[in-house]
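Colleague: Sequence isn't available, so here's the structure alone:
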């Protein structure tokens, strides 16, 4: 079973998911899930799963919260670190634009209008920010869809399909919701 913490907790609380035979729990991007406020959900999942399960925790960084989670829910754990001085992908052009906090919405609109790419993915750090930016872009005439953890699988599928077939040009998403999506025409 693969799912977001919120979705898994919902299924567990409603008794729609039998995990009595579960052998392994994998928490990928654990640092990001903590940053996004999923600590209670992650703890609920770990406390609900069989004690005999193995817990694999993957994290790009190891802040105190991750270390504490590992100590509390892992036994005889060992840490594997991958070192490297890799830069970004060679096929992606990276640019940074400094913007005052109050000007972010206007800056996003201006960047989208300036580049006029056939498709774009805009990341927000919260679901509320996704909803707000999607509404602002719709109000300005952009064809835009949103992706966040609060969408049903059907809503997510429809949003991605509208991006693929060109009905929508822009996707505003939380970074967790956007992981693993395949958009071949993304510029």
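Modeller: That came through, no problem. Since the model is a prediction, treat every value here as computed from it, not as a measurement. Numbering: from 1, shown residues only.
Colleague: give me the element residue 161 is part of.
Modeller: helix 153-164 (DSSP states H and E).
Colleague: What residues of stretch 120-133 count as buried?
Modeller: 120-124, 127, 129-130, 133 (16 or more other C-beta atoms under 10 Å). From N, CA and C alone the C-beta is placed, and that goes for glycine too.
Colleague: Low-confidence stretches in the protein?
Modeller: 84-89, 176-180, 184-187 (pLDDT under 70).
Colleague: where along it do the strands fall?
Modeller: 24-27, 54-57, 120-124, 144-147, 170-174 (DSSP state E).
Colleague: Work out the gap between the fourth one and the centre of the chain.
Modeller: To tie it back to what came earlier, the one meant is strand 144-147. The chain centre lies 14 Å from the centre of strand 144-147; the measure is C-alpha atoms, centre = their mean, to the nearest Å.
Colleague: Domain ranges for the protein, per the record?
Modeller: 5-73, 101-178 (automatic domain parsing).
Colleague: Okay, now the first one: how far is its last residue from its first?
Modeller: End-to-end distance of domain 5-73 (C-alpha to C-alpha, to the nearest Å): 16 Å.
Colleague: For the buried residues of stretch 120-133, work out which two are farthest apart.
Modeller: 120 and 127 (19.4 Å; C-beta to C-beta).
Colleague: returning to that earlier point: so which of the domains of the chain comes closest to residue 93?
Modeller: Across those, residue 93 has its closest neighbour in domain 101-178 (10.7 Å, C-beta to C-beta).
Colleague: Just give me how far that closest one sits from the chain centre.
Modeller: 14 Å.
Colleague: Am I right that residue 48 is in contact with residue 12?
Modeller: Yes: at 5.3 Å, residue 48 counts as touching residue 12 under the criterion of C-beta atoms under 8 Å.
Colleague: Give me the common contacts of those two.
Modeller: Listed contacts common to residue 48 and residue 12 are residue 19; contacts here mean C-beta atoms under 8 Å, 6 or more residues apart in numbering.
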